[in-house]
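Visitor: compute the structure for the input listed below.
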Amino acid sequence: MEPEQSKTIPAAPPSSLPPTVATIDLSALSFNLDQAKRKIAPGCQILAVVKADAYGHGAVPIARALLGFGVSRFGVATLAEGILLREAGVAGQILVMGGLFPGETAEAVGYALTPVVYDPEQTFRLGEWLRARQEPCPVHLKVDTGMRRLGVSPEQVLPILESAEFQRVFALEGLMTHLADADNLDPTFTQGQLHRFRSLVDQVKSAGWQVPLVHAANSAAILRHPSSHFNLVRPGIMLYGYHTLARHSDGEDLKPVLRLTTRVVHVRSLKEGEGVSYNRKFIARRPSRIAVLPIGYADGYNRLLSDTGSVLIDGHHAPVVGQVCMDMTMVDVTDIPQVRPGHEVVLIGTQGDERITADDLATQLGTIPYEVLCKIGPRVPRVYTSGANSPHD
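Guide: Purely as a prediction, here's the structure:
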């Protein structure tokens with residue numbers, strides 16, 4: 001006889017949504033923003049980083065929500081990301097932090113995006129195109145103090161600022177750097193970067209330049225390095241409920257914004273000795289019940305979780321068995337006999353007393369929560385709520 005269906009497992013609601021969804025809790029986003037505000041001094045501004053589709057959360061809805069929470073500055077990596085926000089009606093400053101290629105300048109100016117300049121040659125090329133403008137173009141000049149990616153050397157900053165090419169077409173709105181090691185318990189390297197950057201800012205101001213915005217702090221530095229805050233900070237991953245600090249460091253009080261769920265599409269039985277999924281990597285050692293989930297690596301559920309991951313069903317962990325496929329994942333529900341098609345499955349989030357976070361998955365995968373969140377694919381719809389049970393568009 002089949003066991004009775006548990007009344008505690010959420011059944012599928014009538015909905016036009018597919019079974020796999022990412023639910024974005026905007027009240028958690030607001031909470032995390034408040035945590036960043038608590039760390040900074042009055043008057044210090046916030047530039048919210050919404051690149052990479054707001055770390056997989058949906059750049060346009062997240063930016064709109066943040067505007068409602070009082071944020072007026074946003075950071076993106078590419079021209080296309082900035083244009084997407086502008087065409088969706090997102091106001092405020094949008095800083096293109098990844099720089100611009102020569103052919104992108106016209107669109108950047110046309111969409112009122114603020115470029116980051118990071119190389120003398122790039123600055124000159126950008127200036128050549130902007131010569132016809134009536135008004136100077138505001139830019140942020142990025143200084144390499146130790147990241148060794150984009151950025152001019154500290155010694156190049158004043159020569160660039162004092163060049164006729166720069167003064168003819170640009171208005172210096174900001175000086176910025178990027179901290180390479182802010183989440184390390186040993187602060188030595190970060191302190192060295194900040195010392196170099198602070199010395200440069202003093203030199204620039206002593207030379208008579210007004211610098212409206214000075215910024216260096218990413219999420220980890222907001223939480224651990226108050227001296228990095230200057231008058232603008234750039235929270236990214238902390239807005240979405242995560243950080244990369246050591247477990248016993250400050251900054252644990254954040255709320256994950258995203259909950260990834262699906263629903264059981266099929267339950268089948270295996271006899272002892274039968275396998276499931278590609279290459280028969282999993283062989284049942286006992287008569288087993290296997291739930292098939294309509295989510296796979298094309299949706300962002302990593303194939304490396306094959307035979308190692310777990311999901312939550314009815315508040316219990318159900319282990320992933322066999323290879324994670326492009327569109328499907330199998331889990332062993334032998335010890336959760338009440339599971340039926342339609343029951344909710346949590347891949348990231350809380351169910352009952354149990355919880356799986358993007359950080360948990362990152363630890364299993366040997367990566368960071370950024371990657372786990374960013375890889376949730378575009379075919380997974382994002383549903384926005386103002387709390388656990390209030391979905392809205």
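
Visitor: ok, which stretches of the stretch 201-350 of the chain are helices?
Guide: Per DSSP state H, counting those that start in this stretch, the stretch 201-350 of the chain carries helices over the ranges 219-224.

Visitor: neighbours around Pro378, how many?
Guide: Neighbour count for Pro378, taken as other Cβ atoms under 10 Å: 12. Glycine gets a C-beta too; all of them are placed from N, C-alpha and C.

Visitor: quick one: it and Asp119, what's the gap?
Guide: Counting by Cβ to Cβ, to the nearest Å, the gap from Pro378 to Asp119 is 32 Å.

Visitor: pull up the per-residue confidence for Pro154.
Guide: Here, the pLDDT recorded for Pro154 equals 97.

Visitor: pretty sure Arg303 contacts Gly309?
Guide: No: between Arg303 and Gly309 there is no contact, the gap being 10.1 Å when judged by Cβ atoms under 8 Å.

Visitor: okay, and the common contacts of those two?
Guide: Val324 (Cβ atoms under 8 Å, 6 or more residues apart in numbering).

Visitor: who has more neighbours, those two?
Guide: Using other Cβ under 10 Å as the criterion, Arg303 and Gly309 rank with Gly309 on top: 23 against 13.

Visitor: wait, doesn't the more buried one sit right on Val321?
Guide: No: contact criterion Cβ under 8 Å: Gly309 and Val321 do not qualify, at 9.8 Å.

Visitor: need the residue closest to the centroid of this structure.
Guide: Centroid-nearest residue in the chain: Tyr55, 2.5 Å away (criterion: Cα atoms, centre = their mean).

Visitor: can you count the residues close to the nearest residue to Pro187 once chain neighbours are set aside?
Guide: Excluding the flanking residues, the one nearest Pro187 by Cβ to Cβ, 6 or more residues apart in numbering is His225, at 7.0 Å. His225: 20 surrounding residues under other Cβ under 10 Å.

Visitor: do Asp119 as well
Guide: 17.

Visitor: measure it to Arg125 for me?
Guide: 9 Å.

Visitor: any stretches of the stretch 101-250 of the chain with poor pLDDT?
Guide: Where the stretch 101-250 of the chain drops to pLDDT under 70, the residues are 246-250.

Visitor: mind listing the helices for the stretch 51-200 of the chain?
Guide: With DSSP H, counting those that start in this stretch as the criterion, the stretch 51-200 of the chain has helices at 51-56, 59-68, 79-87, 105-110, 120-130, 154-162, 164-169, 188-206.

Visitor: right, so those: which one is the most enclosed?
Guide: helix 51-56 (a mean of 23; mean count of other Cβ atoms under 10 Å).

Visitor: CA atoms only: put that helix into CSV for me.
Guide: The C-alpha trace of helix 51-56 is given here as CSV (Å, rounded to 0.1, in the frame of the first residue of the first chain):
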residue,chain,number,x,y,z
LYS,A,51,26.3,44.0,-12.7
ALA,A,52,25.8,40.4,-13.9
ASP,A,53,22.0,40.9,-13.8
ALA,A,54,22.3,41.9,-10.2
TYR,A,55,24.3,38.8,-9.4
GLY,A,56,21.5,36.7,-10.9
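
Visitor: show me what it is packed against.
Guide: Contact here means 3 or more Cβ pairs under 8 Å, 6 or more residues apart in numbering; DSSP states H and E; on that basis helix 51-56 packs against helix 59-68, helix 369-374.

Visitor: identify the residues contacting the shortest one?
Guide: Judged by Cβ under 8 Å, 6+ apart, the contacts made with helix 369-374 from elsewhere in the structure are 52-53, 55-57, 237, 240, 242, 244, 258, 300, 302, 348, 357-359, 361-362, 365.

Visitor: endpoints of stretch 116-135, how far apart?
Guide: Stretch 116-135 stretches 17 Å from its first residue to its last (Cα to Cα, to the nearest Å).

Visitor: for it, the distance to its chain's centre please.
Guide: Chain-centre distance of stretch 116-135: 30 Å, with Cα atoms, centre = their mean, to the nearest Å.

Visitor: restrict the contacts of helix 369-374 to the buried ones and give me that as a PyMOL selection.
Guide: Per 16 or more other Cβ atoms under 10 Å, the buried members of the contacts of helix 369-374 correspond to this PyMOL selection:
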select buried, resi 52+53+55+56+57+237+240+242+244+258+300+302+348+357+358+359+361+362+365
